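Participant: Just the structure for this:
(2 chains)
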Amino acid sequence: MSFRVYVPCDAAALAVGADTVARAIETRIAARRLDARVVRNGSRGMFWLEPLVEVETPLGRVAYGPVVPEAVDSLFEANFLEGRAHRLCLGRTEEIPYLKNQERLTFARCGVTDPLSLSDYIAHDGFRGLRRALQMTPAAIVEEVANSGLRGRGGAGFPTGVKWRTVLNAPSDQKYIVCNADEGDSGTYADRMIMEGDPFVLIEGMTIAGLAVGATMGYIYIRSEYPHAFRAMQRAVEIAQAQGYLGSNVCGSGRSFDLDVRLGAGAYICGEETSLLESLEGKRGQIRPKPPLPALQGLFGKPTVVNNVISLATVPVILDKGAEYYRDFGMGKSRGTLTIQLAGNIKYGGLVEKAFGLTLRQAVYDFGGGTATGRPLRAVQVGGPLGAYFPESLLDTPLDYEAFAALKGLVGHGGIVVFDDSVDLAQQARFAMEFCAVESCGKCTPCRIGSTRGVEVIDRIIAGRDRSQNLQLLDDLCELMLEGSLCALGGLTPYPVQSAIKYFPEDFSKPAVMPTQAASSQETQPWR
Amino acid sequence: MTGAQTWDAGKAQATIDRLARLPGALLPILHALQEEFGYVDRAAIPLIAQALNISKAEVHGAITFYHDFRHSPPGRHTLKICRAEACQSMGCGKIVAHVENRLGVKLGQTTQDGSFSVEQVFCLGLCALSPAVMLDGKPYGRVTAELADSLIDGARRRM
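Facilitator: Got it, this is the predicted structure:
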């Protein structure tokens, strides 16, 4: 019998030595002349166990982890190829509680298959959604997605079906599907994981979107900080083109849809959809005022669907299993599953795909196991650098778009960054303004100037100068940015700042610290 | 290691011509030039402007807008250190200070001997394994000062 060993090629697995482990296993296989081969799969998303090595057994996949190269010899001696006992053995992968307690719809294949094997993809239900869509009218596909309740997973939560309907009904000789893979929020990596671990699902989702709205061309805009995802998507597109899943005759249907993969250039603002479109057109990534909506005048002035990676990667399962199946997960107006990403100071960091409605506490403690340092949790930031800082007392908030909005917070892209009690929320508030200043596109004044003034005001507060006046000034500035900015960067930067002041006021009244001490690395020019 | 060649107008022109007909060709061209030469030389600006039929100001504007594009050759090795929130929560500030101290540069600078460029980056998507860095395109998670030292030493031995 031929053995199969799985060692992830996900960038996070590589970051803790997966390549070295894979080579060590391959060397032993060759030296022992074993009938076995190493498959490089995506990650299961349990990063504290990476590199997570799996073997195929008659009883299912058995996992070992975290595997260091030094442990490889003993794994062979324990006959791990047959799933035998070893101190690193975690039992059957599917039975690991962290994984077993999830509802993996979008991520059903991630970590299971060889990301670039079309036959693997098809053997695991791939292209079933597309095959069904090819039998449907465009309007019926749009209604299926609308009925599923899917909302934009990039952060804004706009109903995907409504967006698609607008593009479908916009008359034009050319329309586009644009995938926003500029996943810049700290604490998020779901887009990266799916592009590296199951790239064909994104291709399938975009093709369905093209059929639904009458677009024949799509672009995937991937941030340059994700070189592995970029290469995986490029190769997957080439394979899909060669095998007739993309191009002028999709699956022999006579319908046309093709894709191009483009690389961003290190600008956070290009995650904002209009800025992303400018960038794709070859311009500075400055945002465009809305209206006109991109759905009507988007890429090169044509009607364009701009959706996040996870939104598009969720479309195939909706088309395959039906809108009701997907809609039955979730709570309130947040239907389906959220790909929660546990990050930062967390013991069991990883990807948790769960129906909406899980509380922050369940995510951070039941899955995440609390802080990595073992110190008390003091704050969580949900939804990236524009998301609010919540204290321990708000951990019973359910992960639901409306529940977070009511607290002036964001679910965003589902990233949760945990901080222990060593965090200084005044410094975090300062960073929020600093980040906005570095990443502002410069188009509107509240964001471009307000963020720089925000850093200065917070520095004065930290330094103990006229604190109550400066706190008042900071609040005024935040309200101005909220109301007066053109897009979410300037418009939401106040969320982390105001929440830090509201929930952690003691951090803004500590003995004075001179700003130079906190700000040493800010003297450099990030733009060189 | 960038493996970059010295600036060559002829080669640059060939690269530009190869990509100029793509829709929205400017970013692909700038990436290709940077891949080839390690940075985008000022001399490329009129060539690109001519090929794409846009103004030199527009090309210059795009080059300076994006953090990625360099205006001068980088060091032989590029170390990117994540400074975003998830890495902050695990003490990336100490890694930054350690590396700055060890190499005698600030973020955004290149060592005098041209061996290392050190850059800040906002998120490598390795947020469950913070703090994270990327050395010459290879990712590393759970970085300690000791690991940073061994990465620097290892890169030095390779050059």
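
Participant: Which of the helices or strands spans residue B:120?
Facilitator: Assigned by DSSP states H and E, residue B:120 belongs to strand B:116-121.

Participant: Go ahead and produce PDB holding the CA coordinates of that strand.
Facilitator: The C-alpha coordinates for strand B:116-121 follow below in PDB (Å, rounded to 0.1, in the frame of the first residue of the first chain):
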ATOM      1  CA  PHE B 116      20.500  44.600   5.000                       C
ATOM      2  CA  SER B 117      17.400  46.700   4.400                       C
ATOM      3  CA  VAL B 118      15.100  46.700   7.300                       C
ATOM      4  CA  GLU B 119      11.500  47.600   6.700                       C
ATOM      5  CA  GLN B 120       8.300  47.800   8.700                       C
ATOM      6  CA  VAL B 121       5.300  46.000   7.300                       C
END
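
Participant: So the helix ranked longest in chain B, near chain A or not?
Facilitator: Assignment by DSSP state H gives helix B:145-158 as the longest helix of chain B. No: contact of helix B:145-158 with chain A is not found when judged by Cβ under 8 Å from any Cβ of the partner chain; the minimum separation is 10.7 Å. For every residue, glycine as well, the C-beta is placed using N, CA and C.

Participant: Show me what counts as buried in that helix.
Facilitator: B:148, B:151, B:152, B:155 (16 or more other Cβ atoms under 10 Å in any protein chain shown).

Participant: so what pLDDT did the most centrally placed residue in chain A get?
Facilitator: The centre of chain A sits closest to residue A:190, judged by Cα atoms, centre = their mean, with a distance of 3.3 Å. Looking at residue A:190, its pLDDT is 98.

Participant: what is the closest residue to it other than its chain neighbours paired to in the beta sheet?
Facilitator: What sits nearest to residue A:190 in space, not counting adjacent residues and going by Cβ to Cβ, 6 or more residues apart in numbering or on different chains, is residue A:339, at 4.2 Å. Counting by DSSP bridges, residue A:339 is bridged to residue A:353.

Participant: now do residue A:3
Facilitator: Going by DSSP bridges, residue A:3 is paired in beta bridges with residue A:36.

Participant: ok, it - contacts?
Facilitator: By Cβ atoms under 8 Å, 6 or more residues apart in numbering or on different chains, the residues touching residue A:3 are A:34, A:35, A:36, A:37, A:55, A:56, A:81, A:82.

Participant: Out of those, which end up buried?
Facilitator: So, by 16+ other Cβ under 10 Å, the buried ones in those are A:36, A:55, A:56, A:81.

Participant: what about the third one, distance to residue A:33?
Facilitator: Right, residue A:56. For residue A:56, the distance to residue A:33 (Cβ to Cβ, to the nearest Å) stands at 19 Å.

Participant: if we can go back for a sec, for the longest helix of chain B, name the packing helices and strands.
Facilitator: Helices and strands touching helix B:145-158, by 3 or more Cβ pairs under 8 Å, 6 or more residues apart in numbering or on different chains; DSSP states H and E, are strand B:77-82, helix B:92-103, strand B:133-135.

Participant: Is the residue nearest to residue A:190 in contact with residue A:153, as I believe?
Facilitator: Yes: using Cβ atoms under 8 Å, residue A:339 is in contact with residue A:153, at 7.2 Å.

Participant: joint contacts of those two?
Facilitator: Common neighbours of residue A:339 and residue A:153 (criterion: Cβ under 8 Å, 6+ apart): A:310, A:414.

Participant: what residues are up against the residue in the stretch 301-450 of chain A positioned nearest to chain B?
Facilitator: Of all residues in the stretch 301-450 of chain A, residue A:349 sits closest to chain B, at 2.9 Å by Cβ to the nearest Cβ. Residues near residue A:349 by Cβ under 8 Å, 6+ apart: A:47, A:48, A:342, A:343, A:368, A:372, B:127, B:128, B:129.

Participant: Can you pull up the most central residue in chain B?
Facilitator: Geometric centre of chain B, nearest residue: residue B:68, 5.7 Å, by Cα atoms, centre = their mean.

Participant: Let me see the ranges of the helices in the stretch 1-150 of chain A.
Facilitator: Remark: helices assigned in the stretch 1-150 of chain A by DSSP state H, counting those that start in this stretch are A:11-14, A:18-31, A:72-77, A:97-100, A:118-123, A:128-134, A:138-148.

Participant: count of residues packed around residue B:71?
Facilitator: Other residues within reach of residue B:71, judged by other Cβ atoms under 10 Å in any protein chain shown, total 12.

Participant: low-confidence ranges in chain B?
Facilitator: Judged by pLDDT under 70, chain B has its weakly predicted residues at B:1-3, B:159.

Participant: what residues does stretch A:311-327 touch?
Facilitator: With Cβ under 8 Å, 6+ apart as the test, stretch A:311-327 has contacts from A:105-106, A:108, A:125-130, A:132-133, A:141, A:144-154, A:160, A:177, A:179, A:194, A:198, A:201-202, A:204-206, A:208-209, A:335-337.
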